[in-house]
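# Predicted model, plus sequence, below.
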Amino acid sequence: MTEKKAEMSQAMKEKLAPKQFVKTTINGTKFTILVSSAKGGVGKSTVAINLAFALQNLGLKIGILDADVYGPSLPKLINLNEKPKSEDGKALIPLEKYDAQCMSMGFLVDEQTPMIWRGPMVISALKTMTQKVLWKDRDVIIVDMPPGTGDTQLTFAQEVKVDGAIIVSTPQDLALLDVKRGIQMFDKTGVKILGLIDNMSFFKGDDGKEYKIFGESGVEKTAKEFNKEFLGHLPIHQDLRSSADKGDPLTHSDPEHEVSRLFLDIAKKIKLSLN
Ligand code: ADP
């Protein structure tokens, strides 16, 4: 074979070789955890933010990255509506609230503006949020993922060095079907699942009884079925909803609340799994 032919065949081999993804670390943090749900409306963002402040209550320095480009909720959940600044016109300085560093597409666009974007634009926005945000001195960044198994999940799984994912669900069968898909997606893409959380598990009435509105123990059973850790049950509680609406998460505004204590138990398990 002539030298030129050999060169061409080598180039062809490289082109056809399976693509190895280079995972970038999010700078400025020791750990990055994804909070995900396979289905919308199960309380993922509420759980993500309360978990972040529960980790803060354990002494960790936290960052919160809202990766839901189409439906950012962080600005509302912490009542923050400023534009992040940039000193060099490229890298963004995260906003700060309640001692947490925060970044969301919602800080960059007007609240009412719909994000009518195709996949590549979303991926490019995610790259900015993971590579061009000046996170500083964080122990952990909690990433609030959009629901489903789409572009954002793939981008994080293939291109960002993450330390684990948490899957939030409600216990009814319809949500659980999606959870199974979510588990398989993380397994296939090699993202470690730290565990599953059962949100809206029950409602405690004035009579002291626990009403299992969405069914019983479905998330726990699914965790067992797939050999994943079950992290805990969270009740339907009005204070969780009203604190979210006020923009001051319950685990921050009332760390001694009975529901905040449940978040703290889950946060302890997560902290342990990081060491
Ligand atoms: P998702 O991120 O899955 O779409 P959200 O976190 O936005 O869901 O929650 C949807 C609504 O349900 C919000 O109004 C939130 O305050 C409320 N919510 C979530 N979890 C609970 C809970 N355990 N108890 C009471 N309200 C909750």
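Alright, I've got the coordinates. Residues are numbered from 1 along each chain as shown.
# Surely residue 66 is in contact with residue 103?
Yes. Using C-beta atoms under 8 Å, residue 66 is in contact with residue 103, at 6.9 Å. C-beta here means a position set from N, CA and C on the backbone, and glycine is covered the same way.
# Show me the common contact partners of the two, please.
Shared contacts of residue 66 and residue 103, defined by C-beta atoms under 8 Å, 6 or more residues apart in numbering, are found at residue 74.
# What is the neighbour count of residue 176?
By other C-beta atoms under 10 Å, 21 other residues sit near residue 176.
# ok, and the closest non-adjacent residue to it?
Take residue 176 and drop its neighbours on the chain: the residue closest to it by C-beta to C-beta, 6 or more residues apart in numbering is residue 218, 5.0 Å away.
# wait, what's in contact with whatever residue of the chain ends up closest to the ligand?
Per C-beta to the nearest ligand atom, residue 43 is where the chain lies closest to the ligand, at 2.8 Å. Neighbouring residues of residue 43 by C-beta under 8 Å, 6+ apart: 37, 168, 170, 199-200, 234.
# got any ranges where the stretch 151-275 of the chain has weak pLDDT?
Counting by pLDDT under 70, the stretch 151-275 of the chain contains low-confidence residues at 174-175, 275.
# Is any residue of stretch 180-187 near the ligand?
No. Stretch 180-187 does not reach the ligand (C-beta under 6 Å from any ligand atom); its nearest approach is 12.3 Å.
# what sits up against that stretch?
By C-beta under 8 Å, 6+ apart, stretch 180-187 touches 36-38, 149, 153, 157, 165, 167, 192-193, 222, 226, 228.
# and the residues you listed as TSV, adding neighbour count, secondary structure and distance to residue 249?
Shown next, in TSV, are these (neighbours: other C-beta atoms under 10 Å; DSSP: H, G, I helix; E, B strand; the rest coil; distance: C-beta to C-beta, whole Å):
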residue	neighbour count	secondary structure	distance to residue 249
36	29	strand	19
37	28	coil	17
38	24	coil	23
149	18	coil	27
153	23	helix	24
157	20	helix	27
165	25	strand	21
167	30	strand	20
192	13	coil	26
193	20	strand	24
222	22	helix	26
226	15	coil	29
228	19	coil	26
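# Adding distance to the ligand, write these out as a markdown table.
Shown next, in a markdown table, are the contacts of stretch 180-187 (distance: C-beta to the nearest ligand atom, whole Å):
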| residue | distance to the ligand |
| --- | --- |
| 36 | 10 |
| 37 | 5 |
| 38 | 10 |
| 149 | 15 |
| 153 | 14 |
| 157 | 19 |
| 165 | 15 |
| 167 | 11 |
| 192 | 22 |
| 193 | 18 |
| 222 | 17 |
| 226 | 20 |
| 228 | 19 |
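# ok, the residue nearest to residue 176 - contacts?
Going by C-beta under 8 Å, 6+ apart, residue 218 touches 169, 171-173, 175-176, 198.
# Buried ones among those residues?
Buried subset of these (neighbour count, 16 or more other C-beta atoms under 10 Å): 169, 171-172, 175-176, 198.
# Which element, helix or strand, includes residue 32?
Using DSSP states H and E, residue 32 maps to strand 29-36.
# and if you look at residue 207?
Residue-wise, residue 207 maps onto no helix or strand under DSSP H and E.
# Thanks a lot, see you next time.
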